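Undergrad: this one's structure only:
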């Protein structure tokens, strides 16, 4: 089985080519699940490609900063250049979905999608 799932935010607006058979190229930033020695979550950046209806969705609805979940597969994109074999993998986005509502993108939320509540724990009724 060849399948991956990623959740992250677009790093820039998608690049769209073609009209009969659209191709969308975009990248997302994905935070790792652990903190590094400085207490920060390292971020990985993934370049993705989508085709057809998925590319049309990407073009119509996604922009820089949009949080998405991507399901796809990895293709080998090997070729020869100057007599040398070049090995390259390509992440193909087969399905792209929003990971948060438009309203939550505009509201006061942390990166994890939960609203920030000010005050100390003693004054909160549900702690």
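TA: Noted; the coordinates are in hand. Quantities reported herein were computed from a predicted structural model and do not represent experimental measurements. Numbering: from 1, shown residues only.
Undergrad: Now do the same contact list for the closest residue to residue 17 other than its chain neighbours.
TA: Among residues not flanking residue 17 along the chain, residue 23 sits closest, at 5.0 Å (CB to CB, 6 or more residues apart in numbering). From N, CA and C alone the C-beta is placed, and that goes for glycine too. By CB atoms under 8 Å, 6 or more residues apart in numbering, the contact list for residue 23 reads 16-17, 49-51, 55.
Undergrad: Which stretches in the chain count as helices?
TA: Ranges of helices in the chain, per DSSP state H, are 52-61, 102-106.
Undergrad: so which of those helices gets nearest residue 87?
TA: Relative to residue 87, the nearest member of these by CB to CB is helix 52-61, separated by 25.3 Å.
Undergrad: Show me which positions of that closest one end up buried.
TA: Using 16 or more other CB atoms under 10 Å as the test for burial, helix 52-61 gives 54-55, 57-59.
Undergrad: do the same with stretch 6-18
TA: Buried-residue list, stretch 6-18, by 16+ other CB under 10 Å: 6, 8-10, 14, 16.
Undergrad: Of those, just say which sits nearest to residue 78.
TA: The shortest approach to residue 78 among the buried residues of stretch 6-18 belongs to residue 6, at 22.6 Å (CB to CB).
Undergrad: Run through the bridge partners of the closest one.
TA: As for beta bridges, residue 6 partners with residue 70 under DSSP bridges.
Undergrad: I'm done for today, thanks for sticking with me.
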